[in-house]
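> Whatever this is, show me its structure:
(chains A and B)
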Amino acid sequence: MTTLTIASATHRRMSYVADLIFVLVQKEMKVRYKNSALGYAWSVANPLLFAAVYYVALGVFLRFNVPGYPYPLFLIAGQFPWQWLATSVGGAPMGFIANASLIKKVRFPRFVLIAGSVLSDAIHFLLTIPVIVLLLLWYGFAPSWSWLPGIPLIGLAQFLTVYGIALAVASVNVFFRDLERLVGIFLQALFFLTPVVYSASIVPSKYQVWIGLNPIAPLIRAWQKLFLDGDLDLHLVAAAYLSGLVCLAVGSLVYRELSPRFGELV
Amino acid sequence: MNAIRLDHVSKAYPRHRHLTWGLKESLLHLPDLIRRLRVEPFLALDDVCLEVAKGETIGIIGANGSGKSTMMALIAGAIRPQSGTIEVNGRVAPLLELGAGFHYGLTGRKNIVMNGVLMGLTRREVAERMDAIVAFSGLEAWLNMPIRTYSSGMVARLDFSVAVHLDPEILLIDEILAVGTPTSMQSVMIGSTSSGGKE
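Got it, this is the predicted structure:
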């Protein structure tokens, strides 16, 4: 009897948290797609424009190339998933602060604010995959069946990574507001230290260890292999999950430590 | 059994609050910062006892900064006290400052769902109450319009309609009704007679 009540209370709680995340994601999607005529176009245009800039600067002016692939295609395979991370982490500092009036007065699990926005950025990323397909076909490449298990598998690893980082950043920024300035610089540095505009194999062997230590590198490399070669590299996926779980653990710890005081500080 | 019981509750806003100044301000005003850190933390509530019985309506009046909203936030469970115990028996519905928990780009209907879920209902529970909420708000004609087109009185009415349909046993109202029209003020009376409300 008692266990039954506890079980049903846990069940209600879980479906409640799921509903909470659902309405927050729905809100973000509606707001982004409804209030501007070019809503979808913008979420595609953003990474495409970045890729175009890198192509002109690095591919045309510096005559850089990645052996085996047309350079624009290589850029896109890494830039699209990177854009998800950059948007989520770049927006994370405001994750709690922007909802100050709610946090001050209502008791609800605060992590849903971050989970909701990371999830909606994930959906935007998934919606841009058709553009990757078009560009692959344009360059005479083709999508592969390995995408079917590959996209959800790597996608989940990226969700864990991004959510963990965003949760930590959002929590710390409640206490230390300067973090939001640092996040931009940090993201910029991480971008150039991650094999997005170059391939990991180009990096001289004495620096390879740094690529190995970069928690984002296995993710981006796994996406590049999947999109460009149709190859689901399980070593990279395992490494991506490992760093994803570490990010999640760190994020959760920071959140658990700091969240009880959000109500008085936001 | 009391609906709300505060037993020797104290709430101090701690020193690290001042660190939210940011690095630059902290460095520029370093002596000031150190002085502030030495100062006793700000005591918003000092040893407060309060009992509210079921069915009772209580109003709290006080100067700005005397701790009214802090008490609300404590009862709602949004913040925790330094000392003392807070007992709350029943589901709490806090009425926020106007429009918090709403998104102005979304329609009235979508906002009812979002607000209801933020306040503790599941989506199904909101759907079950939708007709009643809409009828209570008297905003049928506006329901599919984004609420940025609403007047502030209308937003307050929507907010309040959701709050009373949470089946709150305790309704916390914090200066929200400053914008209320005579019609919505009548609704307040309806809302609070059935519960231990508090203003």
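
> quick one: contacts for A:Ala142?
By Cβ atoms under 8 Å, 6 or more residues apart in numbering or on different chains, A:Ala142 lies in contact with A:136, A:230. All C-beta spots, glycine's among them, are computed from the backbone N, C-alpha and C.

> likewise the one 5 residues further on?
With contact set as Cβ under 8 Å, 6+ apart, A:Trp147 has these partners: A:226-227, A:230.

> and after the helix or strand containing A:Tyr241, which helix or strand comes next?
Assigned by DSSP states H and E, A:Tyr241 belongs to helix A:234-258. Once helix A:234-258 ends, the next helix or strand along the chain (criterion: DSSP H and E) is helix A:262-265.

> So is that next one next to chain B?
Yes - judged by Cβ under 8 Å from any Cβ of the partner chain, helix A:262-265 and chain B are in contact via A:263-265.

> Okay, helices next: where are they in the stretch 101-250 of chain A?
A:111-138, A:147-175, A:179-193, A:208-213, A:217-224, A:234-258 (DSSP state H, counting those that start in this stretch).

> State the mean pLDDT of the longest helix along chain B.
Assignment by DSSP state H gives helix B:123-137 as the longest helix of chain B. The average pLDDT within helix B:123-137 is 94.

> Could you name the helices and strands sitting against the following helix or strand past it?
Next helix or strand after helix B:123-137 toward the C-terminus (DSSP H and E): helix B:152-164. With contacts defined as 3 or more Cβ pairs under 8 Å, 6 or more residues apart in numbering or on different chains; DSSP states H and E, helix B:152-164 has these neighbours: strand B:92-95, helix B:108-118, helix B:123-137, helix B:182-193.

> how about the ones you listed, which one is nearest A:Leu38?
helix B:108-118 (21.7 Å; Cβ to Cβ).

> Do that closest one and chain A come into contact?
Yes - under the criterion of Cβ under 8 Å from any Cβ, chain A is reached by helix B:108-118 at B:110, B:113-114, B:117-118.

> pLDDT and neighbour count for the residues you listed - can I get that in JSON lines?
Below are the residues of helix B:108-118 next to chain A laid out as JSON lines (pLDDT from 0 to 100; neighbours: other Cβ atoms under 10 Å in any protein chain shown):
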{"residue": "B:Lys110", "pLDDT": "93", "neighbour count": "20"}
{"residue": "B:Val113", "pLDDT": "95", "neighbour count": "23"}
{"residue": "B:Met114", "pLDDT": "93", "neighbour count": "24"}
{"residue": "B:Val117", "pLDDT": "93", "neighbour count": "23"}
{"residue": "B:Leu118", "pLDDT": "90", "neighbour count": "21"}
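
> who in the stretch 1-150 of chain A is up against chain B?
Checking the stretch 1-150 of chain A against chain B by Cβ under 8 Å from any Cβ, the hits are A:12, A:15-16, A:19-20, A:22-24, A:26-27, A:30-31, A:34-35, A:101-108.

> and with 10 Å instead?
Contacts of the stretch 1-150 of chain A with chain B, taken as Cβ under 10 Å from any Cβ of the partner chain, map to A:12-13, A:15-24, A:26-28, A:30-32, A:34-35, A:97, A:99-108, A:110, A:112.

> Please produce a PyMOL select command covering the buried subset of the residues you listed.
Entered in PyMOL, the line below selects the buried ones among the residues of the stretch 1-150 of chain A next to chain B, by 16 or more other Cβ atoms under 10 Å in any protein chain shown:
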select buried, chain A and resi 16+17+19+20+21+22+23+24+26+27+28+30+31+32+97+99+102+103+104+105+106+107+108+110+112
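
> My read is that B:Leu172 contacts B:Met72, right?
Yes - under the criterion of Cβ atoms under 10 Å, B:Leu172 makes contact with B:Met72 at 5.0 Å.

> The host helix or strand of A:Ala9 packs against which elements?
Secondary structure from DSSP H and E places A:Ala9 in helix A:2-34. If you count contacts as 3 or more Cβ pairs under 10 Å, 6 or more residues apart in numbering or on different chains; DSSP states H and E, helix A:2-34 packs onto helix A:39-54, helix A:111-138, helix B:108-118, helix B:123-137.

> Poorly predicted segments of the chain, please.
Using chain A here. Scanning chain A with the threshold set as pLDDT under 70 gives A:1-4, A:35-37.

> I was after chain B.
B:14-26, B:30, B:32-40, B:96-98, B:175-199.

> I'd like to know how far the spatially most central residue of chain A sits from B:Ala100.
The C-alpha lying nearest the average C-alpha coordinate of chain A belongs to A:Leu85 (Cα atoms, centre = their mean; 3.0 Å). From A:Leu85 across to B:Ala100, the span is 30 Å (Cβ to Cβ, to the nearest Å).

> quick one: contacts for the closest residue to A:Gly91 other than its chain neighbours?
Spatial nearest neighbour of A:Gly91, excluding adjacent residues (Cβ to Cβ, 6 or more residues apart in numbering or on different chains): A:Ser117 at 6.3 Å. By Cβ atoms under 10 Å, 6 or more residues apart in numbering or on different chains, the contact list for A:Ser117 reads A:21, A:24-25, A:27-28, A:87-88, A:91-92, A:94-95, A:98, A:163, A:166, A:170.

> Buried ones from those, can you make that a ChimeraX selection?
The buried subset of those, as determined by 16+ other Cβ under 10 Å, is captured in ChimeraX by this line:
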select /A:21,24,25,27,28,87,88,91,92,95,163,166,170
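
> From the contacts of A:Ser117, pick the one nearest chain B.
Lowest distance from chain B to the contacts of A:Ser117 (Cβ to the nearest Cβ) belongs to A:Lys27, with 5.5 Å.
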